[in-house]
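K.L.:
Here's a sequence, model it:
(one chain, ligands or ions: 1)
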Amino acid sequence: MPMPIASHERAQMERSLRERYEDVKARIAAAARRIGRAPEDILLVAVTKYASIDLVRALVELGHVDLGESRLQALQQRVPQMDEFLGRHRQMSTARDVHPPAKVRWHMIGHLQRNKVKKLLPLVRLVHSVDSLRLAEEIQNHAGRLEDPVEVLVQVNVTGEKQKYGVAPAAARHLVEQIETMMNMRVRGLMCIAEDVVDPIAIRHAFQLCAELFDDIRHHNHCGERFNILSMGMTNDFEIAIECGANVVRVGSAIFGERRTDVPEDDEA
Ligand SMILES: *Cc1c(COP(=O)(O)O)cnc(C)c1O
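P.N.:
Residues are numbered from 1 along each chain as shown. Got it, this is the predicted structure:
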């Protein structure tokens, strides 16, 4: 049994969450302004994989909408938990000054195995991590049963690291074109993860490579306006990513606090 949280501890926890969240939003806005973009052009996906459900609820009470998870199992727990929480909020005439959105949007940001596609699709709004034709075909096969086409990003391995998922940069455009022929899918852009290094020049180089690919595909393809999402940047590098053209950033620890080590990274970890 987890220990119940005392109310003064909860208040403390919510205060520091709010401070961290406001700080991340301010840093996003500043980075956007540095390159002449409006802060509203950048979507913040709050990555909840290391956060307790209490903290996730507290963030949503601050009005936050977009949440990211990297594992099917976590989504299977948390999507219904959040639905129930928001449903309760709608019925309560609450005295507390909180304004949760009517709905949240879940993003799948982790590596996806084909045998998990069927269960995953009804839970998420955007899959950031399509990294092979076989995975795309599996999504296409199951997406026919859903109301709307499934929206996806193609994950590009911009650093060439063997342990990283994603298609090689040279193969990205071809995979995008193949997905475009699939009736039940909509390819909305690209996603990448920079190397976990301290060297800002190497990080910038990786993000620039992905941004160039993104522009190249956008200008040569027929998908037009719909191919407009560039998802890159995490806690350690989201400002560099925005400066390189990211319009979606995926931030976990800077919002929720230090990474926990007892939570698996993704389903294969
Ligand atoms: C965990 C994770 C993030 C967030 O990581 P932080 O460094 O905690 O911000 C972003 N993107 C992906 C793909 C992740 O797995």
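K.L.:
And the ligand, is the strand or helix carrying M82 touching that?
P.N.:
Using DSSP states H and E, M82 maps to helix 72-91. No: judged by Cβ under 6 Å from any ligand atom, helix 72-91 stays clear of the ligand, getting no closer than 11.4 Å. Quick note: C-beta positions are derived from backbone N, CA and C, even for glycine.
K.L.:
Check which element follows that helix along the chain.
P.N.:
strand 105-108.
K.L.:
Can I get stretch 244-259 in PDB? Just the C-alpha atoms.
P.N.:
The C-alpha trace of stretch 244-259 is given here as PDB (Å, rounded to 0.1, in the frame of the first residue of the first chain):
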ATOM      1  CA  CYS A 244      16.400  24.200 -35.100                       C
ATOM      2  CA  GLY A 245      12.700  24.200 -36.100                       C
ATOM      3  CA  ALA A 246      10.900  21.700 -33.700                       C
ATOM      4  CA  ASN A 247       7.200  22.500 -33.200                       C
ATOM      5  CA  VAL A 248       6.600  19.700 -30.800                       C
ATOM      6  CA  VAL A 249       8.900  19.000 -27.800                       C
ATOM      7  CA  ARG A 250       8.600  16.100 -25.400                       C
ATOM      8  CA  VAL A 251       9.600  17.000 -21.900                       C
ATOM      9  CA  GLY A 252       9.500  14.800 -18.800                       C
ATOM     10  CA  SER A 253      12.000  15.400 -16.000                       C
ATOM     11  CA  ALA A 254      12.100  19.200 -16.300                       C
ATOM     12  CA  ILE A 255       8.300  19.200 -15.500                       C
ATOM     13  CA  PHE A 256       7.900  16.300 -13.100                       C
ATOM     14  CA  GLY A 257      11.300  16.200 -11.400                       C
ATOM     15  CA  GLU A 258      14.200  13.800 -11.700                       C
ATOM     16  CA  ARG A 259      13.900  10.500 -13.600                       C
END
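K.L.:
got the buried residues for it?
P.N.:
Neighbour-count burial for stretch 244-259, counted by 16 or more other Cβ atoms under 10 Å, picks out 244-257.
K.L.:
That one - what's its average pLDDT?
P.N.:
Averaging pLDDT along stretch 244-259 yields 94.
K.L.:
Show me what counts as buried in the least confident helix or strand in the chain by mean pLDDT.
P.N.:
Across the helices and strands of the chain, mean confidence by mean pLDDT, DSSP states H and E is lowest for helix 7-34: a mean of 91. By 16+ other Cβ under 10 Å, the buried positions in helix 7-34 come out as M13, E14, L17, R20, Y21, V24, K25, R27, I28, A29, A31, A32.
K.L.:
what's that helix packed up against?
P.N.:
strand 43-47, helix 53-61, helix 238-243, helix 253-256 (3 or more Cβ pairs under 8 Å, 6 or more residues apart in numbering; DSSP states H and E).
K.L.:
Is C192 bridged to anything, and to what?
P.N.:
V156 (DSSP bridges).
K.L.:
separation between it and G36?
P.N.:
23 Å (Cβ to Cβ, to the nearest Å).
K.L.:
now swap in H142 and tell me
P.N.:
41 Å.
K.L.:
So if I had to pick from these two, which one is more boxed in?
P.N.:
Shown here are H142 and G36; by other Cβ atoms under 10 Å, H142 has more neighbours (17 against 6).
K.L.:
who's in contact with whichever strand or helix holds that one?
P.N.:
Per DSSP H and E, H142 falls inside helix 133-143. If you take Cβ atoms under 8 Å, 6 or more residues apart in numbering as the criterion, helix 133-143 is touched by 112, 114, 117-118, 121, 127, 130, 149-150, 152, 175, 178-179, 182-185.
K.L.:
which one among the buried residues of stretch 244-259 gets closest to Y165?
P.N.:
Nearest to Y165 among those, counting by Cβ to Cβ, is R250 at 14.4 Å.
K.L.:
which residues sit against stretch 245-263?
P.N.:
Contacts for stretch 245-263 (Cβ under 8 Å, 6+ apart): 16-17, 20-21, 23-24, 28, 35, 41-51, 55, 59, 68, 107, 109, 128, 207, 211, 214-215, 228-235, 238, 241-242.
K.L.:
what does the chain put close to the ligand?
P.N.:
Counting by Cβ under 6 Å from any ligand atom, the chain sits next to the ligand at 47, 49, 70, 109-110, 193, 234-235, 250-254, 259.
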